[in-house]
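> Let me see the structure of the following:
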Amino acid sequence: MKPTVLIVDDEKNIREGLRAALEDRYETFVAKDAAEAARLMQDVPPDAVLTDLRMAGEDGLAVIDRALKLPQQPVCIMMTAYGDVETAVTAMSRGAYWFFQKPVDLRQVELVLERGLKARTTEKEVVTLKARLDRKFALGEVVGSSAALQHSIEQVRSVAPSNATVLLLGETGTGKELFAQMIHQASPRAKGPFMAVHCAAIPANLLESELFGHEKGAFTGANERRVGRFESADGGTLFLDEIGEIDATTQVKLLRFLETRAVERLGSHRPIALDLRLVCATNRDLRQMVKEGKFREDLYYRLSVVPLRLPPLRERTDDIPLLLAHYLERFAKENGAAAPRLSPEALAILVRYPWPGNIRELRNACENLAVLRAGKTVGPADLDARFTAPVSVPGGPAAPAPGATANLDRTLNEKQLLRQALAAAAGNRTRAAELMGISRRTLHRKLLQWPELDPGPETA
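Residues are numbered from 1 along each chain as shown. Now for the predicted structure:
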């Protein structure tokens, strides 16, 4: 749709002349005074207002004041035959974008309108993006508004007030610890401790002591009593990550706690009653582990009272632009630098990439760009090669390169790949650029770098 422009002037020749000059590019409306302009603005809120200053009744400053009270503020431009510095300053201080002295130069009017409307669009996009970024939960890290993410968050809201044990399921890098913290923060235990234990990071022979504690002399090297993580989490939440990695002995003691709500330190037979919420997480298929005899069936059912699956990033592609903006800004700020800007072509590639490493991989990519491309525009050529290469994702075949419908050998160097893409596209530059996942302008720059590859006149 064309942008709408409201022209307000008490001289018919001027307002009709401006309408004739602008109507090819804009949907134009005219008003002879401020009162008529007010009615039109209520009926059709304009994208821009071009108003005379001196008119019968209210003047152009009143028109600007009224326009800037609209829910979507238009670009306001003032015209006057009585122009002076004072009038210009007044108009600009009221919120006018520009000021013209009559007789106006139509080319200048068109230029300023175009520039003002672009600036207004950019401002709206920034406001919208910030508003969406504000739709986060808990520790300021959960960013997004996709249906898959919202479903998981609604489940958190439902389960958080209860004491039920929660089993978080999802691939590596989907934010399971963050969701465990969300459950804790939204629960009545929020003022209590939150203890996180990464079970796979602790040797099996030490994990039991780490979780349940030990008495002095319980084993060689136990020179003093140790309070375990279960006791430390009393009154709060204990998060056991990678629960599928615990050994059979620890599985038995964990099952015992779930049945009795008490633990015994190694070297002691005195039970210690505890009041804590248990949240566990795994990226493994516990049901399959039960079938294989690697995980206790009774423990599985006690842990999965409320199973909560976290979606991988490839199932929430709507959130990728938000996440990219969030982390680029965050890492740039941490490094005291300006955030890099993603070109539309680079953004399209990153949105189509399946992100097998999920949020963790995206964060790493953003930190890399924030350091190496600080304050610059990121194009497709600035991205790591993996983003345009076929990628295998969990549970599925290799994904094709973004934009490709022909098989390119991504192991080739850039020059060989360009030659292959041009051959596959029969010399069509636009098609070759799509196959490579880059813009036509980037492809043109590469052809200037390697003129011997230039196929000559564009082919269909």
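
> residue contacts, residue 4?
Counting by CB atoms under 8 Å, 6 or more residues apart in numbering, residue 4 touches 26, 27, 28, 29, 44, 45, 46, 47, 48. Placement of C-beta: from N, CA and C, glycine included.

> what separates the first one from residue 6, distance-wise?
Relative to residue 6, residue 26 is positioned 10 Å away (CB to CB, to the nearest Å).

> what sits in contact with each of the two?
The contact sets of residue 26 and residue 6 overlap at residue 48 (CB under 8 Å, 6+ apart).

> Looking at these two, which has the bigger crowd around it?
residue 6 (26 against 23; other CB atoms under 10 Å).

> State the helix or strand in which that one lies.
Assessed by DSSP states H and E, residue 6 sits inside strand 4-8.

> which residues in the stretch 351-460 of the chain form helices?
Ranges of helices within the stretch 351-460 of the chain are 358-372, 414-424, 429-436, 440-449, based on DSSP state H, counting those that start in this stretch.

> Out of the ones you listed, which is closest to residue 246?
helix 358-372 (22.5 Å; CB to CB).

> coming back round to it: give me whichever of the helices of the stretch 351-460 of the chain is most buried.
helix 429-436 (a mean of 22; mean count of other CB atoms under 10 Å).

> So which elements touch that helix?
Contact analysis of helix 429-436 by 3 or more CB pairs under 8 Å, 6 or more residues apart in numbering; DSSP states H and E lists helix 414-424, helix 440-449 as its packing neighbours.

> mean pLDDT for those helices: which is lowest?
Lowest mean pLDDT within the helices and strands packed on helix 429-436: helix 414-424, a mean of 74.

> could you give the angle of it to helix 429-436?
120 degrees (axes from the mean of the first three to the mean of the last three CA atoms, to 10 degrees).

> Next, the angle helix 440-449 makes with helix 414-424.
110 degrees.

> Use 39 as the first number from now on
That works, and once the first residue is 39, the last one we named lands at helix 452-462.

> Now do helix 452-462: which elements does it pack against?
helix 467-474, helix 478-487.

> want to try a markdown table for the ones you listed, with distance to residue 391 as columns?
What follows is the helices and strands packed on helix 452-462, written out as a markdown table (distance: least, CB to CB, whole Å):
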| stretch | distance to residue 391 |
| --- | --- |
| helix 467-474 | 14 |
| helix 478-487 | 17 |
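
> Between those helices, which one is closest to residue 385.
Using CB to CB, these put helix 478-487 closest to residue 385, at 13.9 Å.

> any idea how far residue 305 is from residue 264?
10 Å.

> ugh, wrong one, I meant residue 382
For residue 382, the distance to residue 264 - CB to CB - is 56 Å.

> quick one: which of the two has more around it?
Ranked by neighbour count (other CB under 10 Å), residue 382 and residue 264 place residue 264 first, with 17 against 9.

> Return the residues in contact with that one.
Contacts of residue 264 (CB under 8 Å, 6+ apart): 247, 251, 252, 303.

> among those, who's most crowded?
Going by other CB under 10 Å, residue 251 tops the contacts of residue 264 with 23 neighbours.

> Now residue 126: which helix or strand?
Here residue 126, judged by DSSP H and E, is contained in helix 123-131.

> and the following helix or strand past that helix, which strands flank it?
As assigned by DSSP H and E, the chain's next helix or strand after helix 123-131 is strand 136-139. Its sheet considered, strand 136-139 pairs with strand 113-118 (parallel) by DSSP bridges.

> Could I get the buried residue list for the helix holding residue 126?
Residues of helix 123-131 classed as buried: 125, 126, 128, 129 (neighbour count, 16 or more other CB atoms under 10 Å).

> Make CSV out of these and add distance to residue 277.
Output for the buried residues of helix 123-131, formatted as CSV (distance: CB to CB, whole Å):
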residue, distance to residue 277
125, 65
126, 62
128, 61
129, 59
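
> Just give me the closest of those residues to residue 205.
Nearest to residue 205, judged by CB to CB, of the buried residues of helix 123-131 is residue 129 at 63.3 Å.

> List the contacts of the helix holding residue 126.
91, 98, 99, 102, 116, 118, 137.

> Any chance of TSV for those residues, columns pLDDT?
Listed next are the contacts of helix 123-131 as TSV, based on pLDDT from 0 to 100:
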residue	pLDDT
91	87
98	89
99	91
102	93
116	89
118	82
137	85
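
> Now for residue 377, how many residues are close by?
By other CB under 10 Å, neighbour count at residue 377 equals 21.

> er, residue 326 I mean
11.

> From residue 332, how far off is it?
Distance, residue 326 to residue 332, by CB to CB: 9 Å.

> got it, and residue 321?
Residue 321 is 15 Å from residue 332, by CB to CB.

> same thing with residue 148?
Between residue 148 and residue 332 the computed distance is 72 Å (CB to CB).

> cool, residue 370 as well?
45 Å.

> More neighbours: which of those two?
Taking neighbours as other CB under 10 Å, residue 370 and residue 332 compare with residue 370 leading, 21 against 14.
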